[in-house]
Structures are given as C-alpha cells and as structure tokens.
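coords below, sequence missing:
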C-alpha cells in the first residue's frame, strides 16, 4: 500500500515475489526461537508472513531484539523475500511458500501479555472479549467480519448511488414519539425541561423527504431502541434505509431486488431474481412463521377434516368449531426418541403458547407411541399417515387452536425440531413475504395495533370499510426474509392526510394526541405528497448471516452487553452534578 | 429511470426525443391557461418540462382536470414529445426545445397553497423555510445542494474504499468525557442514575481500532456538541473521520491529498497536489489566522523596527519591549473613507481583542489623515510607505500587542476589511497549516490547554523537556484550510501510555481523574499500540463551500435553529412523567 511505512502487507507475498526487498509492519504473532535461527509469524490485517532472523543475514541489533521481543509487539522489518526450504512449505497458508529474511528491524512499541491469545478459536468469555475489544478484533475472524461489513455496506451504497438514490442525512436529535418501542431521550440544555429523542428509525423524516421531492432516498442509518436487551438485540443498530416516490409496490420491490442482487453478488452470494413472493397467510399456514426458513420442509398440515368424526373429543370439538384447527408437523427422525424425551417437548410448545402437545411417534419397528392414538380410528390413522407422509422414525406433533395460534405453536416447534435434529440448512434462502394484515388485535392492550407500522398503506381505500372489518384488511407490505430471519421490511405509505388520521384513530389515538405526535407529518401530506414506499434492511443481521456468525455482536466493532454496558469504557457512567444541573434534571433516589 | 411510474425525468428530454411516447411524473410548477390551450411546467428532482394540454389531443377528462388543478399538485401525464414552435423555444432551459403534448393524466394528490412559492429566489424568513422544510427542499437550489452533498460524500467514500480504508461504525451511545465541548447526555433506563454521552467525535474509538489492527479506518460520523448555537453551528454535524496506523505524518497527509483530490475532482473542482504546507506561525504572522484565505493579500507586516526610535510613546515603548510588536495591514481602497467611518473600525478591532486601533489614511490627493501621524518622523513615514507598499487611497491599520494578539487583531481586521471592501476571492483556495503548538496557556482557566486535542503527538519525545518549556513544543498536526475556513484537521497520536499520562497531567488532570476518564485508552496503548494518525473533514462546511452557500444549514436536510429547535416537529418536546420516571429522573423547577 502506498502512504504507509510498509511496502507490502503480510498477506500478499508469493513465490513470484522472491528476491524482492520488502518492508513489512505488523504484530509478532508466533515466535519460535531455534537458537541460531529465530522464526516469527508477523500478522497484520491482511494475513501472516513468516520472518526468519539469521545472525549471518540480520543486523546484530535486530537479532538481539528478536531474541527478547514478545508476542503482540508491533514491529517493522526490512528484508528479502526468499523461498522456504521444501520441507517447510505450508500449504494451508497463502504466504506459505515464502519467508522474509530480515535484515533490519524497528521495534515500534512493546506490549503487555494479552488477557487471551489472538487466535480464532480461543476459549474466553464474551465479557473478557468485550473488555479488551481492541485485542479481540485483532483475531483474524473478527477482522474478516468487520471487513465483510465494510465491503457489503459499500456495495449497497454503490448499487443505490448508481440507481440515482440520494443519500440524505436525517437528524439524530429529533422528536419523541413513543409509538412502538421505547425512546432514548436526550435532555435539552437550551430548553430546560424539554427532550429530544434518538430516532427508532428515520421513518417520518424519509416520508417528509418524499414530500420534498427527493424521489429516491437512502441512508445507512443508526437507529435506537431502549428495549430490554434479551436475546440478540442492541440499543443501537444500523439499517439501510430506502424510500421512493412516484412508485408502486412492484417498483420498490424490483429496485430492492436489483440492489440486493448486485451487492450480494459482490460478496460472492448469488441471490436469484425475481425473488419468490409468499403471501403472509401462506407463510403462516405452511411454515408457521412470517419469516420462514424454506431450506427445509417440515411444513404445517391442516388435518382438521381427517378428525371431523373423531372419538377423541378434543379433536372432534375443534373440527366442529369453524374457528378452530387441528394442524400437525412431521419431525422426521424424532420418532425414535424415548417417550420421556418426547414428553418434554410439551414444555417447549408451551413457550410458543400451547396448552399441551399431542403427538404420535412412529417407531422403527412399526409400532406407535402416543397418548392419544387409542382414540383414533383406522381410517383416521390412515388419513394422518397419508397427509403427513409418515415413515418409520417420524414424530407427528399436533396443535389444536385458532388458526394463528396453531401456526405460531407449530412454527415454533418446527424451528425447534430443526435445531435439535440438526436439519441441514445449506446455502442462503431468500424470499419476500407480502401482504401482511394491516392490523392485529392485541389482547394485552385491548386495542388494534399496526402489524407493520402506523403509516402503512392499506389495500382497502375506503376508511369506512376498514373500520367495519379491520382485521380483514391487507396492506402493501413486504418483508425480506433471509435464512429464516426477518432481514428487512417495507411497505407503501399512506400519502393522504385523512386516511392517515383514520388509521391513527383505529390505533387508539385521540384526534388531539394524533395531531400532537404526528401533526407535522399529516400537515406535510396536505401539500401534494406523492405516492411513496420504502424499505429498511437490517444491516447487522444480514452481515451476521453473511459472516456465518451466530450473533450480531460478532459483526459490530463495539457492541454492548445485555445491561447496555460498554465494558471497555464503563459506559454508561455517572455524570457530574454540574452536568445534570445544566440540563435542569435531578436523579430520583 | 426503471422502477418508477415514469419513463423519463423532467430534466432529460431533448430534441432527439421528439416523437417518443413518454410518461412523466412531478409537481405542477407553473400553469398558464390560454383558454384553448393550457401550458404547465412540470417539476421533478431533475428539472422541468413544459406540458401542453390541447383539447384536440388530450382526453377530455384530463383537459378538464388541467383547467382546475393548482400548483404543487403531483400528477402523472402520458404524452408525446413534440418540438416547440420556433418562437417559443426557451434557450435558458435545458428542455426548452421540446414540450410534451399530453394525452392522458392522473392527479396523484392535491395540495394546499404553500406558504411560499417554490422558487430559488424567494423572500421568506428562514423560520418559515424550516417550518415547511419539505416544501423548501422542493426548491431547485436546495435540491441541488442535497444532491451535491450526496455525490460528494459518495465520492469520498469511494476514494477511501478504493484505498483499502475500512468503514467501521462506532457507537453513538458512549462514555461522557467532558473535555472540550459539552456533551449531550442520555439517561440509561437499565442502569438508573447513569448516562451515556453522544460522541463529540469518534476520536478515542478510532484510536482503539488502530490498536485493534484495523490499519485504515473511515466513517462518515455524526458528532454532537451541546454548545450555544451562535454563528453557524449545529448541535449535530458530520465529519468524515479517518485514521491510519503504521504511518508517519507524510503518509497520512499524502493519503488525504490523494483522496480529496479525487473526490473534489468528481465535483468539478481541481485541487492541485501536493498541497502547499504553511507553518502555523507563518500563517499567524502573515495572515493573522490559522485558517488563512490566501486568495487575497493584505498580509500582516511587522513594522516594529521602523519605530524603534519613535516620538510616539506607544510605538517606542513596544519597540523596546522584546515581547511586544507593532504590526500593520494595508486595506487598499479604504483610505478614501470619511474619518468618521474609519474611526468606527476601532469598535470592530475591539471585538478581536484590541484596546484601540491606530491608523493612517492616505488620501487620493496626497494628504494623510491619522490621529498619530503627527508623531512620526519623515524617516518613519518613509519606512512605513515602503514596507506597506503604500499608494494613494490606502488605509494602514496598526496593532501594538504581543505577537499572538497582534496576529489575532489584524487577522480579524484583514478578514473584516476584505468583506467590507468586497475583495475578490475567486475559485477555491486549499492549503495545509501544519505544526501547531502542542499547548496554549488559557488566561481564563489559568491552565494549559491542548491546541488540537489531548491525544496529539508532540514533536518533542522527552516528557521532561515538554514540562520545562511547554509553550515551545510543537506537534504533529495539520489543518486542511479551504477558502479561509478550517475544513478539516488532524494529527499524529500519542501511542505510548506514559507520554499520554504526562500530557494529561500537563493539562491539569490528576492521575486519578485521568485514569477515570481515559484509563481505558491508556490501557489499550499498553498492548502494542502502533504509530497512528488521522484526520476529520468537516463535511457540512466543505459542502457549504462547494455549493457556494453562506451557511451549513443550506446543505443539511433538517437543521435546527439557534435555540436547538426543529421547527417542523417542535422538537425538543416535553416527555411524559412516565418516560422520565423510567430513567429515574425528575426535572428541576
């Protein structure tokens, strides 16, 4: 690289470079002192190169320094690229055919002994890794992850820029609109008693940009949600935010497919286009999930009609009730499990909302284990075997509930069984799930909630009809599903102020509170808002999947713990009383 | 554009497109109803196209809609590109040779009458513009500014990416280290009583990335400073943040010149490289500024020696004092001003720290007006004329102070006089100002303060010598100056923990407070930190200069007022008591 102390990186020297005088910089990775010869693997961001210190070749001072230096010291060496002796060629290393015979060296700094070895596979708690994140990211795998993220982000930007999307920066200090998740708030010093909020997404602002005529907008946007950080969540995350105007839904989805195809292609991932589109209810009914992993089967089957005359009261009762369903999945291979192990699946099913879990295990010897099979007629059994494609060793699991609950329980079980049975999921899986319901009824809050968000365009254009049958109304929505994760989502937006107000009222807002929180958006819609729609890609998640990592923390430079701490700097921290007083606040005891 | 309702933009149709069937979308900009014919200028992000509605060509419904529709309604039209009659060709318009004869139309939305006309030159207060920013950015000039910013930002990213810089996102929720400006603080809900701070810059984190081996980092980073928003400041602003390791200062400056040359070149601006490098003290002594605009002269001259034997006691006294200087500038053209007007310059000089302002006005008729010239000998007068290159009509202004104060006063006056006299400053002016002092003495706080920042590498390597003569120590620093603005700045960093601690102590930190605030950085330096340096470009300011605008607000989509308000959404706003309670805070009355 030009503009550097070195002439080459530690990852690029090959047989063809033999004889070249080079200068390398990096960290001492491994050091082997053979007395008369000292070997050092030098590591930089690009890779490793073996150095040889030979007192007959090397300046005396450099040799003496090589005797005493330790791992993780940064050094600069000058030397000549030489072939390794035949018996020392390392074919698992891209620079394994050469070594650099050092002539002179500069020790650029010393290092204390790190808390853990800088190796890809190192047994150390995540807390220690985060405490010394600057050492952790020296590990080649972490460095590759950060590089992947940088490259993929740039590829997305380039694809968007080439398609005339304008990058517009929207403010991080904005208005608190505590709809959806909880806001992080920021006290204002110039206006004591008032607060900014950090944006949960640039949703409202990008809609205003469309009203403003930007037509094609994108931003790699930092978003903030003050949620409890169970599972794999972070208080701040990044989305590739897109919005378009003078478009219909196919335009937006087409543009996104085009952009994603190109950017993923640059990462060596072929995403065939056009992407498959799955209706929301098909996804739910077939996979029990609105983000199905379709790399494996284990689909949900509706077996209600098989049991319409069953002796088994639970099934017969459900079959007779038009709101109830009997659905099943076939977990192939689990039919050989011990009864006690199968029984424990009931507890798993409860976590997905089931009251219990009926099952039939088809043993390899042709026998059947099941608490309920005694009630089944031969005809029912035959019908079940046929519908579920039963073979010896299969385990059929049932859910008996309303449609959505059946789907959710068996969707959860499908995913659980796939993990437990280690079902193969090779390559990547991409699809759209489209046409989400506009609303759902929330039992807890006893009101309608937006399935996507409150600005989503319904497929029904008459507000009155929406009010009459709210749960039957669809919406112009599309989620981008990758490998069973919701990797992105979007929709067309309401561009009519009256419709927007009607929807907000459906969601339980009074006219006054709707105006207070979203009045500026509805006002903007009155000044010639064009048809618009957009999308947000979860960058952290997609990078995680591309890196083959199992947490978004593996593709973030400085993630926080589940209590929201940065273990390196000890943030959040106590601030001085003067700082608090300046923003007119006091802490509650 | 593909993936759009339209086939062409309103900026692209030319004579060569005549006969083409097109679909256009945009806003009704100007509408002229000639009864039998209706003409509409349709506006989108790309430009304007004239539409002709002729009842003989156009569907009846469309013609009737064209009769009633108003400005700023978004519409879609289908029609044929036709030549304009010869007498209607508009050469000032890129689409001025053609018009589209409309066949059919869809009214996509209506619009209320905007608070101001969507024109480039419109007399309206900035408050109204910000209140309706979504209308303001429909104005072609604002749209061009946003596009310029998007294009320039992308060009910078591309140049950095091509040179193997990795984009790494650093957290926005970090530790409060109230050094420099005031932090915005963010209360933590999960850790009541503790606070994050929004970063004033990613300085510490990018240094940790260098310790972590990233080698070349960049980020287009949102930065936050809770300062009083006088002048042209915003609470959040954007810097293009860069850091490199295994480099010396020339490597960093060379890389930046290369990147800036390429990115500016794509914006049609030729920045010749290598850039001129001006020593800090040369800039101060010659231009009275560490960010000189060198597109015009009016340099500062040291005239102390001319007055060593002066009858004028103030001058003679200064000449005799080794710490005092007599310096002057020649404001050509202002020598014709009335005495009263010249006298008023004294008030201006006071704003730059002067106690008063001595002057000599050389009248066109050969006479001289000055309160002090009566004390000057012929020899002194001759010396002054020669040194200052005096011609009739010149005004020579003096400062009599210590070196730095002279520089600051006359630097301020130089800039003021250039503005008042409307001195020509054509094209762009780029240079480096280098080698800033490490420290300066702050009279107000009565302690040393870092001239750049506390992590800057001194040119002196022995901490003891720094302590002995602190004000004489230079630093590896470089500011990028564009058109008289500090457009960016950078430096090499301390990569040794002991030196860092010594400097923090010089800056008045106790060992304990230094460790509390910066301990994690100093700890990181102990684990093999490499030599490193970096830079931050003020993106808002550079875009402002490229756009020829006079405020950074003109190149930001949603800027805030001087009281930190967003006039559209009314942020900051009051939050609910519940929201405050969740973060364990109460407001002071």
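Here it is on my side, so go on. All values derive from a computational prediction rather than experimental measurement.

Now do the same contact list for residue A:327.
Listed by Cβ atoms under 8 Å, 6 or more residues apart in numbering or on different chains, the contact set of residue A:327 reads A:300, A:301, A:302, A:303, A:304, A:398, A:399, A:406, A:407, A:410. C-beta here means a position set from N, CA and C on the backbone, and glycine is covered the same way.

and chain B, which of those reach it?
Among the contacts of residue A:327, not one lies near chain B by Cβ under 8 Å from any Cβ of the partner chain.

Out of the residues you listed, which is nearest to chain B?
Set against chain B, the nearest of the contacts of residue A:327 by Cβ to the nearest Cβ is residue A:407 (33.0 Å).

and the closest one, what element?
Using DSSP states H and E, residue A:407 sits in helix A:403-420.

quick one: is stretch A:22-29 near chain B?
Yes - contact of stretch A:22-29 with chain B (Cβ under 8 Å from any Cβ) involves A:25, A:26, A:27.

hmm, back to that, now the helix holding residue A:407, how far from the centre of its chain.
Distance of helix A:403-420 from the chain centroid (Cα atoms, centre = their mean, to the nearest Å) equals 20 Å.

before we move on, which element is the nearest residue to residue A:3 once chain neighbours are set aside in?
Spatially, and ignoring its direct neighbours in sequence, residue A:3 is nearest to residue B:255 (3.9 Å; Cβ to Cβ, 6 or more residues apart in numbering or on different chains). Using DSSP H and E, residue B:255 maps to helix B:249-266.

And that helix, how far out from the chain middle?
How far helix B:249-266 lies from its chain's middle: 18 Å, per Cα atoms, centre = their mean.

which residues sit against it?
For helix B:249-266, contacts defined as Cβ under 8 Å, 6+ apart pick out A:2-5, B:151-152, B:155-156, B:158-160, B:163, B:242, B:244, B:247, B:270-271, B:273-275, B:277, B:432, B:476, B:478, B:480, B:488, B:490, B:492, B:533-535, B:537, B:546.

After that helix, which helix or strand is next? Please name it.
Proceeding N to C from helix B:249-266, the next assigned helix or strand is strand B:277-279, under DSSP H and E.

that older thread, pick the one among the residues of stretch A:22-29 next to chain B closest to chain B.
Among those, residue A:25 lies closest to chain B (Cβ to the nearest Cβ), at 4.1 Å.

Buried residues, whatever helix or strand that closest one lives in. List them.
Per DSSP H and E, residue A:25 falls inside strand A:21-33. By neighbour count on 16 or more other Cβ atoms under 10 Å in any protein chain shown, the buried set for strand A:21-33 is A:22, A:23, A:24, A:25, A:26, A:27, A:28, A:29, A:31.

same deal with stretch A:466-473?
A:466, A:470, A:473.

what do you get for stretch A:53-69?
Across stretch A:53-69, burial judged by 16+ other Cβ under 10 Å covers A:53, A:57, A:58, A:62, A:63, A:65, A:66, A:69.

Just the residues you listed: which are in strands?
residue A:53 (DSSP state E).

which one of the buried residues of stretch A:53-69 sits closest to chain B?
Closest to chain B out of those is residue A:69 (10.5 Å), distances taken as Cβ to the nearest Cβ.

Leaving out sequence neighbours, find the closest residue to the closest one.
Nearest in space to residue A:69, with sequence neighbours left out and distances taken as Cβ to Cβ, 6+ apart, is residue A:28 at 5.9 Å.

Over to residue A:280?
Nearest residue to residue A:280, sequence neighbours excluded (Cβ to Cβ, 6+ apart): residue A:436, at 4.8 Å.

neighbours of that neighbour, just the number please.
25 (other Cβ atoms under 10 Å in any protein chain shown).

Also residue A:295?
Neighbours of residue A:295 using other Cβ under 10 Å come to 15.

Confirm that it sits in a strand.
No - Residue A:295: not assigned to a strand; according to DSSP: H, G, I helix; E, B strand; the rest coil it is coil.

Chain B contacts on the stretch 1-150 of chain A?
So far as Cβ under 8 Å from any Cβ goes, the stretch 1-150 of chain A lies against chain B at A:1-6, A:25-27, A:43-45, A:72-74, A:76, A:108-112, A:114, A:132-138, A:143, A:146-147, A:149-150.

Quick one: buried ones out of those?
Counted by 16+ other Cβ under 10 Å, these give A:1, A:3-6, A:25-27, A:43-45, A:72-74, A:76, A:108-109, A:111, A:114, A:132-138, A:143, A:146-147, A:149-150 as buried.

Give me the subset of these that lies in strands.
Counting by DSSP E, those contribute A:25, A:26, A:27, A:43, A:44, A:74, A:76 to strands.

Need those in CSV (columns: pLDDT).
CSV is the format used below for those (pLDDT from 0 to 100):
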residue, pLDDT
A:25, 98
A:26, 98
A:27, 98
A:43, 97
A:44, 97
A:74, 98
A:76, 98
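
which residues sit in contact with the residue of the stretch 401-550 of chain A found nearest chain B?
Using Cβ to the nearest Cβ, residue A:528 is the residue of the stretch 401-550 of chain A that sits closest to chain B, at 3.3 Å. The contact partners of residue A:528, taken as Cβ under 8 Å, 6+ apart, are A:211, B:27, B:72, B:73, B:74, B:109, B:110, B:111.

okay, now the domains of chain A?
Using automatic domain parsing, the domain parsing of chain A gives A:15-107, A:296-424.

For residue B:339, find the nearest of these.
domain A:15-107 (65.9 Å; Cβ to Cβ).

The helix or strand just after the helix holding residue A:407 - contacts with which helices or strands?
Moving toward the C-terminus from helix A:403-420, the next helix or strand (DSSP H and E) is strand A:430-434. Packing partners of strand A:430-434 (3 or more Cβ pairs under 8 Å, 6 or more residues apart in numbering or on different chains; DSSP states H and E): strand A:277-279, helix A:280-287, strand A:477-482.

hmm, 6 Å instead?
strand A:277-279, strand A:477-482 (3 or more Cβ pairs under 6 Å, 6 or more residues apart in numbering or on different chains; DSSP states H and E).

Whatever helix or strand comes next after the longest one and chain B in contact?
It refers to strand A:477-482. Where DSSP H and E defines the elements, the next helix or strand beyond strand A:477-482 is strand A:485-493. No - using Cβ under 6 Å from any Cβ of the partner chain, strand A:485-493 stays clear of chain B, with a minimum separation of 12.2 Å.
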